[in-house]
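A.B. asks: Starting from these lines, generate the structure:
(chains A and B)
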Amino acid sequence: MAAPPFSVLAMLRFILTRVSLIIPTFIGITLLAFFLIRLVPGDPIETLAGERGIDPARHEQLRKEYGFDKPVIVQYGIYLARVLQGDLGKSMITQEPVLNEFSSLFPATIELATCAILFALLLGLPAGIIAAIRRNSIFDHGVMGISLAGYSMPIFWWGLILILLFSVQFDLTPVSGRIDVLYYIEPITGFLLIDTLLSDEPEAFWSAVRHLILPTIVLGTVPLAVIARMTRSAMLEVLGEDYIRTAKAKGLSRFRIVALHALRNALIPVVTVIGLQIGVLFTGAILTETIFSWPGVGKWLIDAIFRRDYPVLQGGALLLGVVVMSVNLLVDLAYGLINPRIRHTR
Amino acid sequence: MTTETMEAPAVPVPTATPPHPLREFWGYFSANHGAVAGLVIIAVVLLVALLAPVIAPHDPNITDTAIALKPPFWQEGGSIAYPLGTDPIGRDILSRVMHGARLSLLIGIAVVALSIAIGTVLGLVAGFFRGLTEIFIMRLMDIILTLPSLLLAIVIVAVLGPGLMNAMLAVALVILPHYVRLARAAVITETSKDYVTAARVSGAGTTRLMFKEVLPNCTAPLIVQASLGISTAILDAAALGFLGLGAQPPSPEWGTMLADAREFVLRAWWVVTFPGLAILITVLAFNLLGDGLRDALDPKLKR
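C.D. replies: Okay, here's the model as predicted:
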């Protein structure tokens, strides 16, 4: 069967199928969040109200409001409707809506995650490519060894060791936080690297950079290891293909073959791996933010557990799940657009 | 025990030629120096774990504030009686790391065993019955895979309450989808083969087909994934311990030890260095072993 010709219609169908596939996932995530509160031992309203307790009248009012007097399926419907309207409840500690807290903290996490993935790409891609070209050289063995160690790294320990080396021994980097307390930066974008540049204090930018270095390395280590490994094996596979031999036979320069012919094809699996690393990145962010007291959503979630702030935990987990789901969808779509073979086979 | 777990998978290798499948497996495996190194390290860790009560110089839980925060023996102020130093309340770090090996190996093996047992059954069911059952199971697994693994584990532990058992259950659930997917994929390739048809024609029931005919022929990928799964399980359980959601103090679990030691990072490097090093080495060894097993059990993949 011949592949259907490229058409807007086929493209549209591809996008629609992919988008429709995330609906069950979304429902699953909301179900998980919904049952989270109900599985905690004890009365769910008291769970939501916190340890200080609640007076009976308010208890009854909340019972009605949340629909706890109705069947579970109706309760879920009420919950889903609230979620779709952006109502994720209020933090028991601060009384702030969970969505507001999330959106004020999320830029810090994105800033850290972006720096980490850039760090991983800038080191991992060249390392993987050179290791593949110089297969079985000392460089290749070194890259593979280091990446295996990186892949096996308990990053919470790695963070402590880096603090020990760079902050304690050499006094090069700060131990925690996003910026020195000396500076007050008006949050415009929420990304401190940008906000400090917009402010009139140039040293504030360098302070923000210095605070970012260690968390970036810690969070970027596992993706770096995975990207280096993946790039190497993808390049090795592509370099063995016939069209590379043809390119060599044509007398093209080594650089041209690697940069133009091999790399473009090798990058396709690498792009998928980078997409899959987004979920890993958020997992790592929870640990990294805890070690460095980085004021992002990861630390916020962990704090919520210890404060028994269940609305934050419920809403935060839901939002993070939705973010990861959306990123995966975008990667999936981008992948389909780059690679026509994927678009037509499924 | 280690050699037994190593050799057992060689029997059903589909690519091995009849005469000496074990020898062929060992030939491939031992050519991979990394994998052999991993195996040796695991054997050593296992030995330490088994003999911990005998070879550990001190009781891991005895505190003595008089000797708190003693540095390792090669540093000034250290003594050979406490080779890796002591922690803030005077417990011997070497003894705690040794006892921690028992916990970490137990966590890794128990979690993966549980996950494989449930995952294989779910995968077999999905692969055999197809239709709605399959869609339901696989969608559920996709959802688990979508969520960041540690986030899901944290949510589960937050609901069930912190503790080693709950942390292990959470990690087992998080790594479940890998085994379900593997088992289902293997079932789908195997069921179209002649030997399954033959068994079916001769009257074998579905349960027999699933467990007696198909399962033994898809163990190779499961074994490889098990080795890699143990490393994930050890890492994730240690991360939960570090966050205060896994094993609780005074348990000498490596992640929990790190959580205890965190605030002393500025004063006493040894309290944070050794437990983490133990995690890194153990996880690295299981990853090396997993890579080696994959290459040895599926030589075609290597090329």
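A.B. asks: Spell out which parts of the stretch 51-200 of chain B neighbour chain A.
C.D. replies: B:139-140, B:142-143, B:146-151, B:154-155, B:158-160 (C-beta under 8 Å from any C-beta of the partner chain). C-beta: built from backbone N, CA, C; applies to glycine.
A.B. asks: mind redoing it with 7 Å?
C.D. replies: Residues of the stretch 51-200 of chain B lying close to chain A by C-beta under 7 Å from any C-beta of the partner chain are B:139, B:142-143, B:146-151, B:154-155, B:158-159.
A.B. asks: among these, which two are most distant?
C.D. replies: B:Arg139 and B:Ala158 (24.3 Å; C-beta to C-beta).
A.B. asks: Would you mind telling me which of the two has more residues around it?
C.D. replies: Taking neighbours as other C-beta atoms under 10 Å in any protein chain shown, B:Arg139 and B:Ala158 compare with B:Ala158 leading, 25 against 15.
A.B. asks: Point out the other helices and strands that whichever strand or helix holds B:Gly27 packs with.
C.D. replies: B:Gly27 belongs to helix B:21-31 when elements are defined using DSSP states H and E. With contacts taken as 3 or more C-beta pairs under 7 Å, 6 or more residues apart in numbering or on different chains; DSSP states H and E, helix B:21-31 sits against helix B:269-297.
A.B. asks: The helix it packs on: which residues count as buried?
C.D. replies: B:269-280, B:282-297 (16 or more other C-beta atoms under 10 Å in any protein chain shown).
A.B. asks: again with stretch B:93-111
C.D. replies: Those would be B:93-105, B:107-111, for stretch B:93-111 by 16+ other C-beta under 10 Å.
A.B. asks: So which residues make contact with that stretch?
C.D. replies: B:45-46, B:48-49, B:52, B:55-60, B:83-87, B:168, B:171-172, B:230, B:233-234, B:237, B:247, B:251-254, B:257, B:270-271, B:274-275, B:278, B:282 (C-beta atoms under 7 Å, 6 or more residues apart in numbering or on different chains).
A.B. asks: Counting neighbours, which of those end up buried?
C.D. replies: B:45-46, B:48-49, B:52, B:56, B:58, B:60, B:84-87, B:168, B:171-172, B:230, B:233-234, B:237, B:247, B:251-254, B:257, B:270-271, B:274-275, B:278, B:282.
A.B. asks: Now, those residues that are in helices?
C.D. replies: B:45-46, B:48-49, B:52, B:168, B:171-172, B:230, B:233-234, B:237, B:254, B:257, B:270-271, B:274-275, B:278, B:282 (DSSP state H).
A.B. asks: Next, work out how far apart the residue in the stretch 151-300 of chain A positioned nearest to chain B and B:Val265 are.
C.D. replies: Closest to chain B within the stretch 151-300 of chain A is A:Trp157: 2.9 Å, counting by C-beta to the nearest C-beta. With distances taken as C-beta to C-beta, to the nearest Å, A:Trp157 is found 11 Å from B:Val265.
A.B. asks: Among those two, which residue is more densely surrounded?
C.D. replies: Taking other C-beta under 10 Å, A:Trp157 and B:Val265 do not tie; A:Trp157 has more neighbours (27 against 21).
A.B. asks: residues touching the closest residue to the more buried one other than its chain neighbours, list them.
C.D. replies: Nearest residue to A:Trp157, sequence neighbours excluded (C-beta to C-beta, 6 or more residues apart in numbering or on different chains): B:Gly276, at 2.9 Å. Counting by C-beta under 7 Å, 6+ apart, B:Gly276 makes contact with A:Pro154, A:Trp157, A:Leu160, A:Ile161, B:Leu258.
A.B. asks: For the helix or strand that contains the fourth one, enumerate the helices and strands it packs against.
C.D. replies: Translated: A:Ile161. Assigned by DSSP H and E, A:Ile161 belongs to helix A:155-162. Here helix A:155-162 touches helix A:202-239, helix A:263-292, helix B:269-297, going by 3+ C-beta pairs under 7 Å, 6+ apart.
A.B. asks: for the last one, the distance to its chain's centre please.
C.D. replies: In terms of C-alpha atoms, centre = their mean, to the nearest Å, the centre of helix B:269-297 is set 10 Å apart from its chain centre.
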